[in-house]
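Asker: just coords:
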Ligand SMILES: O=C(O)C1=C[C@@H](OP(=O)(O)O)[C@@H](O)[C@H](O)C1
Ligand SMILES: C=C(OP(=O)(O)O)C(=O)O
């Protein structure tokens, strides 16, 4: 374990332009779809974070040739039937997306495979995927009746199902779509709350079809996908740390370039606007995944209420929104976000405890948190809990503290943003 990282407040604003790394959700999916498609897939701006590297490693073990170079990743897909039985366990590392989506793919493959991950993955609920996959006809099991890793799968002979999602989860939806693509007949998935739709968009990029009528998604089985070229937009979930930093650190003005603006992901923009932030979004292209630039400047903020169907569109941004709210006048209430308890850590507990150590006034609730602002922050010793988003939230908080912050397990940021600390320094030097 690295020593605690010392973060000193330089007492200057963040200024300049930044290209944040590629979108994590889209990077995972581009490897997965590239692996089951026929022909070559070239991926530009792929996120070289540890989670996406876990996805590459799993598909290599399934026999797929994947070349990684400085500028692009090339996947030599040969179709669903060319995935081969792995001779080793598949290690998903810290990645929930890898675990859940790969189960959808493996459920249709006529061989045996075993998934394991790190201690955080071992605590995350998997029954939400294994149960509906059993309904397709796959043989799948895991610890505690199929709820936790290690998970073993012997797939094949799927029949399409009709399934209503009990939780708003793009990972569950995507796993079922990936199974549905391999099943006999039609699969119908009802999603009452819209979640990120990158899987649906990517099927079309790979020459497949998928329909949505009202809240029902329909996928036809037996689809052959074709390799393609993918341009991964910047990750709005990574950009969020700099959007918030620019809004709360005095004398800041940051232009984030080529960020993904898929409307199922832009809840953070809506929240910042409602809080009164100086934020401008300039969309540049709207084909497939929309992309544009986001300009944020130091702002006077007011607390608001955040809940309902906005939550899935900003679920990963809640830790950094909590910090934002601590710098807003008045009360911010975050509700309907119980999913936070089953992310890499219990993110309600982690945010309340760690931001609390720096002086933020945050109280945990059953389904979110209540934050009272505006609070001056002070230095202290904090812990990322091994959770990348908690680590980055605490690092942004250190830009406002009156003395040094010592962050334990700062390395966790490499899961989704390996160049995070370099990027902070880059904006502080302008
Ligand atoms: O599908 C995806 O790529 C993701 C979906 C979300 O999880 P859930 O679907 O479990 O809410 C999100 O928290 C995660 O970071 C990535
Ligand atoms: C929850 C996250 O990722 P995953 O579920 O893929 O581990 C995240 O990136 O915040």
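Answerer: Thanks, I have it. Quick caveat, the model's predicted, so the values are computed rather than measured. Numbers count the residues shown, from 1 in each chain. Ligands and ions are numbered 1, 2, ... in the order given.
Asker: Spatially, what comes nearest to the residue in the stretch 251-400 of the chain positioned nearest to ligand 2 if we skip its sequence neighbours?
Answerer: Shortest the stretch 251-400 of the chain-to-ligand 2 distance, computed as C-beta to the nearest ligand atom: residue-wise this is residue 316, at 3.9 Å. (Glycine included, C-beta is placed from N, CA and C.) In space, not counting the residues next to it along the chain, residue 316 is nearest to residue 237; the distance is 4.6 Å by C-beta to C-beta, 6 or more residues apart in numbering.
Asker: Does the helix or strand hosting that neighbour reach ligand 2?
Answerer: Secondary-structure element containing residue 237, defined by DSSP states H and E: helix 236-248. No - using C-beta under 6 Å from any ligand atom, helix 236-248 stays clear of ligand 2, coming no nearer than 6.6 Å.
Asker: Distance from that helix to the middle of the chain?
Answerer: The offset between the C-alpha centroid of helix 236-248 and the centroid of the whole chain comes to 15 Å, using C-alpha atoms, centre = their mean, to the nearest Å.
Asker: What of stretch 411-428?
Answerer: For stretch 411-428, the distance to the chain centre is 16 Å (C-alpha atoms, centre = their mean).
Asker: Can you mark which positions in it are buried?
Answerer: If you call a residue buried by 16 or more other C-beta atoms under 10 Å, then stretch 411-428 has these buried ones: 411-418, 420-421, 423-424, 427-428.
Asker: wait, does stretch 296-315 contact ligand 1?
Answerer: Yes - counting by C-beta under 6 Å from any ligand atom, contacts between stretch 296-315 and ligand 1 involve residue 315.
Asker: Please work out the average pLDDT along that stretch.
Answerer: Average pLDDT, stretch 296-315: 98.
Asker: Pull out the buried residues from the host helix or strand of residue 273.
Answerer: If you go by DSSP H and E, residue 273 is part of helix 267-274. Neighbour-count burial for helix 267-274, with 16+ other C-beta under 10 Å as criterion, is recorded at 267-272.
Asker: Next SSE downstream of that helix?
Answerer: Later in the chain than helix 267-274, the nearest helix or strand by DSSP H and E is strand 278-285.
Asker: Tell me the strands beside that next one, with direction?
Answerer: Here strand 278-285 has these sheet partners by DSSP bridges: strand 291-297 (antiparallel).
Asker: Give me the residues contacting the partner strand.
Answerer: In this structure, residues lying in contact with strand 291-297 by C-beta atoms under 8 Å, 6 or more residues apart in numbering are 233-234, 239, 242-243, 246-247, 252-261, 269, 272, 277-285.
Asker: Just the buried residues of those residues.
Answerer: Buried members of these, counted by 16+ other C-beta under 10 Å: 233-234, 239, 242-243, 246-247, 252-261, 269, 272, 277-279.
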